[in-house]
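K.L.:
Just a sequence and a predicted model for now, questions to come.
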Amino acid sequence: MLQVVRTPVGLRQGIDKAVKVAVEALHENSQKLKIKMKLRK
């Protein structure tokens, strides 16, 4: 499935940055959900 695409370095860095931000946001949301679940108990 992995295809080597010739992309400008800037675009690739932008994608990497976007992925990192998305992963961090997901991690934060999951942490908040865990805290909410603990508070409900």
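P.N.:
The structure has been received and is ready for your questions. Numbers count the residues shown, from 1 in each chain.

K.L.:
mind showing which ranges of the chain have poor pLDDT?
P.N.:
Where the chain drops to pLDDT under 70, the residues are 1-5, 41.

K.L.:
can you give me the helices in it?
P.N.:
Assigned by DSSP state H, the helices in the chain fall at 9-40.

K.L.:
Spatially central residue for it, please.
P.N.:
Central residue of the chain (C-alpha atoms, centre = their mean): Val23, 1.7 Å from the mean position.

K.L.:
Asn29 versus that one, what's the distance?
P.N.:
11 Å (C-beta to C-beta, to the nearest Å). C-betas here are computed from N, CA, C, even on glycine.

K.L.:
swap in Lys36?
P.N.:
Distance from Lys36 to Asn29, by C-beta to C-beta: 10 Å.

K.L.:
swap in Gln13?
P.N.:
Relative to Asn29, Gln13 is positioned 25 Å away (C-beta to C-beta).

K.L.:
And Arg12, by the same measure?
P.N.:
When C-beta to C-beta is applied, the distance between Arg12 and Asn29 equals 26 Å.

K.L.:
what do you get for Lys38?
P.N.:
Counting by C-beta to C-beta, the gap from Lys38 to Asn29 is 15 Å.

K.L.:
And for Arg40?
P.N.:
Applying C-beta to C-beta, the value for Arg40 to Asn29 is 16 Å.

K.L.:
Between the two, which is the more surrounded one?
P.N.:
Neighbour tally, Arg40 and Asn29, criterion other C-beta atoms under 10 Å: the higher count belongs to Asn29, 10 against 6.

K.L.:
how about that one, what does it touch?
P.N.:
Under the criterion of C-beta atoms under 8 Å, 6 or more residues apart in numbering, Asn29 has no neighbours.

K.L.:
Let me know the distance separating it from Val9.
P.N.:
From Asn29 to Val9 the distance is 30 Å (C-beta to C-beta).

K.L.:
Then Lys36?
P.N.:
From Lys36 to Val9 the distance is 41 Å (C-beta to C-beta).

K.L.:
do Arg40 as well
P.N.:
Distance of Arg40 to Val9, computed by C-beta to C-beta: 47 Å.
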